[in-house]
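1. Build me a model:
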Amino acid sequence: MAVTIPIVPEGAGRPGGSASGAGGTRLSSLPPLSVYVHVPWCVRKCPYCDFNSHAWEGGIPERQYLDALRADLEQALPGIWGRQVHTVFLGGGTPSLLSAAGLDELLAMLRACLNLVPDAEITLEANPGTAEAGRFRDYAASGVNRLSLGIQSFDDARLQALGRIHDAAQARRAIEMAQQAVPRVNLDLMFALPGQTLQDSLADLRQALAFGTEHLSLYHLTLEPNTVFAKYPPAVPDEDEAAAMQDALEAAAAQAGLQRYEVSAYARPGARCRHNVNYWEFGDYLGIGPGAHGKLSFHDRIVRQSRLRNPQRWMAAAAAYDGSHLAQDEPVPPESLPFEFMLNALRLKQGVSASTYTERTGLPLAGILHQLEAAHARGLLSADPTRLQATPLGWRFLNDLQEMFL
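-> Numbering: from 1, shown residues only. Sure, this is the predicted structure:
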């Protein structure tokens, strides 16, 4: 199948008449900017978790952490000076282990140092096992307007198998407290759990929907390397059973008014997570805190950053103000950008406008014409020349589609 490349207006995305020159990427404008803050501690490390999280022993060093976070942020400011910040996401670990005063200081620090837009989406992840009604209200008073609760299941046996510190009753109470505190609440559920049946997974979904939930993240349990589950794998549903669960969950969510808009995300109209959508549309994000990753665009390059993972090493290095807290800070090679862009954009069910590719990478769409034609020929990519969007078949074989742009 022949592919029609949309006409790019003269000069768009290519100052000086070139989309990519000897110096690499050329961007005519910078994408929206988000900020991610990593809080690395949790009460107990879950056996399936491969995130940079560390069991809470003897209390969180909150004062030292906040001081290091300010140092990290201040050293990052020259790279984002003058840019507006549209969303903030506090992830972990378990950010809800921060005291109300600590969270208030953190958000005040962000407001003082950054150009936050008035309607910025500010999300905080919370574990039902650490939920307190008063603390949620204090978080909201400090500016948090979206809470993301790691429910995972409403079945006590499944929660125990996952090593979670909360039970189903605590999960329900946490949802009620969150909905009373903030205007937007996201619930995380997992499926294909040890011993779980299709009907069990649907029962979890029904209980989540009973709260009038506007946004759900539905994750397939995967046995990640370097986790307890990788070393001692539990018996989980096979691939066919897991696929049947996902299809049934998607259908049930749609019937309740929540459309699947990304691989793992379902929302009612107007309730999508703006922070995550910015990731998938290849927007920019500054990541601060131990192990945090970031992507920052400049007019002549796109840079990937990461911080030291170990909390103690990161805190000591950030306080030195010499850049040693950065584990990575280097430009993305232009030849890597097509894959990095598609790795994100094709996760969105509606894809992105074809013009977004040049706007966000600085490269001409014609440079990936061969891959686009091959993807069309295999029925993995939409025939609409104005959009980069996976077909239903392409979404089912998303890894194969994305790898065509390596």
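2. what's the spacing between residue 230 and residue 371?
-> Between residue 230 and residue 371 the computed distance is 33 Å (CB to CB, to the nearest Å). Using the backbone N, CA and C atoms, a C-beta is placed for each residue, glycine as well.
3. Those two: who's more crowded?
-> residue 371 (18 against 14; other CB atoms under 10 Å).
4. Which of the three states applies to that one?
-> Assigned with DSSP: H, G, I helix; E, B strand; the rest coil, residue 371 falls in the helix class.
5. Please report how far it lies from residue 201.
-> 36 Å.
6. What separation is there between residue 325 and residue 318?
-> 4 Å.
7. Looking at the two, which has the bigger crowd around it?
-> Just comparing residue 325 and residue 318: by other CB under 10 Å the higher neighbour count belongs to residue 318, 28 against 24.
8. Surely the more buried one and residue 75 touch.
-> Yes: at 7.4 Å, residue 318 and residue 75 qualify as touching, with contact defined as CB atoms under 8 Å.
9. what touches both of these two?
-> Contact with both residue 318 and residue 75 is made by residues residue 325, according to CB atoms under 8 Å, 6 or more residues apart in numbering.
10. So which residues of the stretch 201-350 of the chain form strands?
-> With DSSP state E, counting those that start in this stretch as the criterion, the stretch 201-350 of the chain has strands at 215-220, 259-262, 265-267, 284-288, 293-298, 301-307, 326-331.
11. for the longest one, packing partners?
-> With contacts defined as 3 or more CB pairs under 8 Å, 6 or more residues apart in numbering; DSSP states H and E, strand 301-307 has these neighbours: strand 24-25, strand 284-288, strand 293-298, strand 326-331.
12. Kindly provide the distance from the nearest residue in space to residue 367 that is not next to it in sequence to residue 366.
-> Among residues not flanking residue 367 along the chain, residue 338 sits closest, at 7.3 Å (CB to CB, 6 or more residues apart in numbering). For residue 338, the distance to residue 366 (CB to CB) stands at 12 Å.
13. higher neighbour count, the two?
-> Set residue 338 next to residue 366 and count neighbours by other CB under 10 Å: residue 338 wins out with 20 against 13.
14. That one: what's it in contact with?
-> Contacts of residue 338 (CB under 8 Å, 6+ apart): 361, 363, 367-368, 371, 405.
15. let's go with 10 Å and repeat that
-> 357, 361, 363, 365, 367-368, 371-372, 404-406 (CB atoms under 10 Å, 6 or more residues apart in numbering).
16. ditto for residue 60
-> With CB under 10 Å, 6+ apart, residue 60 has these contacts: 39-41, 54, 93-94, 97-99, 102, 311.
17. Now the phi/psi pair for it, please.
-> phi -70, psi 130 (degrees, to the nearest 10).
18. With residue 44 instead?
-> phi -150, psi 140.
19. my guess is it meets residue 56, correct?
-> Yes: if you go by CB atoms under 10 Å, residue 44 and residue 56 touch, sitting 7.8 Å apart.
20. Check the contact lists of those two and give me the overlap.
-> With CB under 10 Å, 6+ apart, residue 44 and residue 56 have common neighbours residue 94.
21. pLDDT below threshold where in the protein?
-> 1-24 (pLDDT under 70).
22. if we go to 90?
-> For the chain, applying pLDDT under 90 flags the ranges 1-26, 43-45, 47-48, 50-51, 55-59, 129-135, 223, 226, 230.
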